[in-house]
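1. Test case, fold it:
(chains A and B)
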Amino acid sequence: DAKTTQPNSMESNEEEPVHLPCNHSTISGTDYIHWYRQLPSQGPEYVIHGLTSNVNNRMASLAIAEDRKSSTLILHRATLRDAAVYYCILSNYGQNFVFGPGTRLSVLP
Amino acid sequence: DSGVTQTPKHLITATGQRVTLRCSPRSGDLSVYWYQQSLDQGLQFLIQYYNGEERAKGNILERFSAQQFPDLHSELNLSSLELGDSALYFCASSMGLAGDSYEQYFGPGTRLTVT
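-> Residues are numbered from 1 along each chain as shown, chains lettered A, B, ... in the order given. Predicted coordinates for the structure are as follows:
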């Protein structure tokens, strides 16, 4: 399975944008890039996913590098509720979602 | 609320015992996934079912088994329990066969404690 690398932790101030990076240098052509987050004491929650083009939804934006070896999850205005562990996952036809340790995001008021 | 329900919320049992965890997917979802989350191993994919058939296997122990029933609910059976099986067990569901197109919706989890 293709692996991803994320920083262990990041900090952000409330109402400021947050850029969460993910490296996936061994990504294959059919791998989709997924982002999930896990709030304390809850199950993971879908954030966004994409294949090649940048994607936007109501929660976040996903910027994918042209060579697809890295991507960035962008939270446009962080709120205290966004404090969570963010997971970047590669999935080839839905097989074996591999959750790494993720990035623990702290949001400071 | 993701629409995925899991029962029970908490389960405490002794080593050597057998337990069954139950999951009801979101209405209309055909795929069910099981994950285990422990402090030292993180979130690990166990197994996936699609419309009653096993589709993918992850790091699932031989002591564990699962099935998906005609009404699409799923059960995860854990037997000969060991202390190391203590963990949060999550169920997720998605609409289609491939997780690449369809996001997974996770339930609240079942916390298993083996004493």
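
2. switch to C-alpha atoms for all contacts and neighbour counts from now on
-> Fine.

3. how near is the spatially most central residue of chain B to chain A?
-> Chain B has B:Trp34 as the residue nearest its centroid, 3.0 Å off, counting by CA atoms, centre = their mean. According to CA to the nearest CA, to the nearest Å, B:Trp34 stands 11 Å off from chain A.

4. can you check B:Gln48 too?
-> Where chain A is concerned, B:Gln48 sits at a distance of 8 Å (CA to the nearest CA).

5. Then B:Ser79?
-> Distance from B:Ser79 to chain A, by CA to the nearest CA: 23 Å.

6. Neighbours of that residue, how many?
-> Using other CA atoms under 10 Å in any protein chain shown, the number of residues around B:Ser79 comes to 18.

7. So what does the closest residue to it other than its chain neighbours have for phi and psi?
-> Of all residues not flanking B:Ser79 in the chain, B:Arg18 sits nearest, at 4.1 Å (CA to CA, 6 or more residues apart in numbering or on different chains). Note on B:Arg18: backbone dihedrals following degrees, to the nearest 10 are phi -130, psi 140.

8. And A:Leu80, by the same measure?
-> phi -60, psi -30.

9. Identify the residues contacting B:Cys91.
-> B:4, B:6, B:23, B:32-35, B:106-107, B:109 (CA atoms under 8 Å, 6 or more residues apart in numbering or on different chains).

10. Show the residue spans covered by the strands in chain B.
-> B:5-7, B:10-13, B:19-24, B:31-38, B:42-50, B:53-57, B:64-68, B:74-78, B:87-94, B:105-106, B:110-114 (DSSP state E).

11. Turn those into JSON lines, columns for mean pLDDT and distance to A:Pro17.
-> Shown next, in JSON lines, are those (pLDDT from 0 to 100; distance: least, CA to CA, whole Å):
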{"stretch": "strand B:5-7", "mean pLDDT": "97", "distance to A:Pro17": "34"}
{"stretch": "strand B:10-13", "mean pLDDT": "97", "distance to A:Pro17": "37"}
{"stretch": "strand B:19-24", "mean pLDDT": "98", "distance to A:Pro17": "37"}
{"stretch": "strand B:31-38", "mean pLDDT": "94", "distance to A:Pro17": "30"}
{"stretch": "strand B:42-50", "mean pLDDT": "91", "distance to A:Pro17": "27"}
{"stretch": "strand B:53-57", "mean pLDDT": "91", "distance to A:Pro17": "37"}
{"stretch": "strand B:64-68", "mean pLDDT": "97", "distance to A:Pro17": "42"}
{"stretch": "strand B:74-78", "mean pLDDT": "98", "distance to A:Pro17": "40"}
{"stretch": "strand B:87-94", "mean pLDDT": "95", "distance to A:Pro17": "30"}
{"stretch": "strand B:105-106", "mean pLDDT": "94", "distance to A:Pro17": "26"}
{"stretch": "strand B:110-114", "mean pLDDT": "97", "distance to A:Pro17": "34"}
